[in-house]
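Undergrad: model the following, please.
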Amino acid sequence: MSRWARLTEQQIRKAEAEGKLTGLAGEGKPLPDRPGDAMLDAGEAVGFRMMAEAGALPEELRLKAQLDAVRAAWQATEEPAKKKRLMAQLADLQMRHEIARDARRKFLR
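TA: Predicted coordinates:
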């Protein structure tokens, strides 16, 4: 076990002994299923979760939600004109989402 792993375990055991880990929200329940986090770095996932809990939504995630909504609307419609308009909107949102994602990655380097 590495030095950091031992230190981490020591801090966890100390907090348990002091009772700091009892009565927490979600105690005794399984961890929430977050399949979207599987594609993120652990640090990014923690940062996104902290921002979400604080009520802040990063541009990248806001655009991802819009992408999902427009994609669902595109799949649900049958009108060719509306499909074409939604496809243009989808392309724009995809481009903006990629730009936001690249900006975040460059910032984190």
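Undergrad: helix or strand with the lowest mean pLDDT in this protein?
TA: helix 42-53 (a mean of 79; mean pLDDT, DSSP states H and E).
Undergrad: following it, which helix or strand comes up?
TA: Sequence-wise, the next helix or strand downstream of helix 42-53 (DSSP states H and E) is helix 59-76.
Undergrad: report the buried residues of the least confident helix or strand of the chain.
TA: 44, 48 (16 or more other CB atoms under 10 Å). Yep, even glycine has a C-beta here, placed from its N, CA and C like the rest.
Undergrad: which strands or helices does that helix pack on?
TA: Under the contact definition 3 or more CB pairs under 8 Å, 6 or more residues apart in numbering; DSSP states H and E, helix 42-53 sits against helix 80-108.
Undergrad: and the helix it packs on with helix 42-53, angle?
TA: Computed by axes from the mean of the first three to the mean of the last three CA atoms, to 10 degrees, the angle separating helix 80-108 from helix 42-53 equals 120 degrees.
Undergrad: which strands and helices sit next to helix 80-108?
TA: helix 42-53, helix 59-76.
Undergrad: can you give me the offset of it from its chain's centre?
TA: 17 Å (CA atoms, centre = their mean, to the nearest Å).
Undergrad: what is the orientation angle of it with helix 59-76?
TA: Using the same axes, to 10 degrees: helix 80-108 against helix 59-76 is 160 degrees.
Undergrad: on that earlier part again, turn the helices and strands packed on helix 80-108 into JSON lines, columns for distance to residue 20.
TA: Below are those laid out as JSON lines (distance: least, CB to CB, whole Å):
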{"stretch": "helix 42-53", "distance to residue 20": "19"}
{"stretch": "helix 59-76", "distance to residue 20": "31"}
